[in-house]
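Asks: Predicted model follows, preceded by the sequence.
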Amino acid sequence: MHDYELLQRYLEGERNFSGVDLSNLHLLGANLTEIALNQAKLVNANLTSAYLASANLERANLTGANLSQAFLYRANLVSAKMQGGNLTNADLTKADLRGALLVRANLQGAKLSGAQLAGVNLREANLHGVNLRGADLRGINLRSANLTGANLSWANLSGARLSGAKLHDAVLTDVKLQGAYLNGVDLSGFDLSGVDLSEAKLNGADLRHTNLTGANLREARLKLANLLLAILQAAHLGGADLAEATLDGATLVRSLYTDETRFPEGFEPTKLGAVWLMAEPLMA
């Protein structure tokens, strides 16, 4: 189908274009509100500044498509394929992106307020400066993603895969990272005070000068992590694995540990003010 044919049929009131092949079409700035493009093929289509509010793009193939500055308010993008797509400055407010494939997609400057992101694959995606404040990102794949300057305050990243992600200048106030995969991530100098990192995988992570005051690190994996001059005051280290971690100059005053906590060989936590818990308190 040609772009002019689609636009003409849309102007005549037709809305259902599900399953249609629209690859490589130029629909720059087109008004396609509430259009049904579910399972349509839009590979390398140019939808720059297109108006796609409440559009149905479920399972659509948008690989390599240009959606920069597109208006996708409340759009249905469930399980859509958008790998390598350009979504810079796109408005995805309240869009449904559950299960969408956004590997290596560029979302710099995109609006994602209220968007549903469960199960989204954002591996190697560019999310530079994106506002994900308070977002539900449980289990999301952000491996090697660029989150430089992103606002992740109050976001729920429990179980999220963040290994290799770039988090320089990201805002992580009160973020939830329970069970998150953060192996090898650079978190040096971050303020993670009070953050829930229980069961998180932080093997080889850079935590130099990181403020972990009151953080929950129960059962966390910190093998070979660099905690040089880290502040672990009042942190909970029950069952944490710190074998071969670097703890030179770290502050452990009032931090809690148990018999299951593993420290580097010869390390004596009580000399640094840590407190041994004879047994973990029973969960209420």
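Replies: Structure's in. What do you need? Computed from a predicted model, the values in this text were never measured in an experiment.
Asks: which residues in the stretch 1-150 of the chain form helices?
Replies: Under the criterion DSSP state H, counting those that start in this stretch, helices of the stretch 1-150 of the chain are mapped to 3-11.
Asks: what's near enough to touch the closest residue in space to residue 107 that isn't next to it in sequence?
Replies: In space, residue 107 comes closest to residue 87 once its chain neighbours are excluded; the distance is 4.8 Å by Cβ to Cβ, 6 or more residues apart in numbering. No exception for glycine: its C-beta is placed from N, CA and C like everyone else's. Residue 87 makes contacts with 67-68, 70, 102, 105-107, 110, as judged by Cβ atoms under 8 Å, 6 or more residues apart in numbering.
Asks: got the phi/psi numbers for residue 87?
Replies: phi -120, psi 30 (degrees, to the nearest 10).
Asks: Kindly report the same for residue 211.
Replies: phi -90, psi 110.
Asks: count of residues packed around it?
Replies: 19 (other Cβ atoms under 10 Å).
Asks: Which residues does it form beta bridges with?
Replies: residue 191, residue 231 (DSSP bridges).
Asks: quick one: it and residue 192, what's the gap?
Replies: 6 Å (Cβ to Cβ, to the nearest Å).
Asks: Please apply the same query to residue 72.
Replies: 33 Å.
Asks: Those two: who's more crowded?
Replies: Neighbour count, other Cβ under 10 Å: between residue 72 and residue 192, residue 72 has more, with 27 against 24.
Asks: got the contact list for the more buried one?
Replies: 52-53, 55, 90-92, 95.
Asks: Just the closest of those residues to residue 257, please.
Replies: residue 92 (43.7 Å; Cβ to Cβ).
Asks: from memory the closest one sits against residue 114, does it?
Replies: No. At 9.1 Å, residue 92 and residue 114 do not qualify as touching, with contact defined as Cβ atoms under 8 Å.
Asks: ok, those two, which is more surrounded?
Replies: Taking neighbours as other Cβ under 10 Å, residue 92 and residue 114 compare with residue 92 leading, 26 against 13.
Asks: Please name the residues that touch that one.
Replies: Contacts of residue 92 (Cβ under 8 Å, 6+ apart): 72-73, 75, 77, 110-112, 115.
Asks: Output the residues you listed in TSV; the columns should cover distance to residue 235.
Replies: TSV is the format used below for those (distance: Cβ to Cβ, whole Å):
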residue	distance to residue 235
72	42
73	42
75	42
77	40
110	35
111	36
112	31
115	33
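Asks: Can I get the residues you listed in CSV including pLDDT?
Replies: Conversion of the contacts of residue 92 to CSV gives the following (pLDDT from 0 to 100):
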residue, pLDDT
72, 97
73, 97
75, 98
77, 98
110, 94
111, 91
112, 91
115, 90
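Asks: follow-up on the earlier one: okay, the residue nearest to residue 107: pLDDT?
Replies: Residue 87 carries a pLDDT value of 97.
Asks: ok so, going back, which of the contacts of residue 72 lies closest to residue 262?
Replies: For those, the nearest to residue 262 is residue 92 (43.0 Å; Cβ to Cβ).
Asks: Would you mind measuring from the closest one to residue 29?
Replies: For residue 92, the distance to residue 29 - Cβ to Cβ - is 18 Å.
Asks: And the pLDDT at residue 2?
Replies: So residue 2 comes in at 88 (pLDDT).
Asks: Could you find the closest non-adjacent residue to it?
Replies: The nearest residue in space to residue 2 (Cβ to Cβ, 6+ apart) is residue 25, at 7.4 Å.
Asks: Isn't the one you found up against residue 43?
Replies: No. Between residue 25 and residue 43 there is no contact under Cβ under 8 Å: 9.8 Å.
Asks: hmm, back to that, export the contacts of residue 72 to CSV and tack on pLDDT and distance to residue 62?
Replies: Formatted as CSV, these follow (pLDDT from 0 to 100; distance: Cβ to Cβ, whole Å):
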residue, pLDDT, distance to residue 62
52, 98, 11
53, 97, 16
55, 98, 11
90, 96, 11
91, 96, 16
92, 95, 13
95, 95, 13
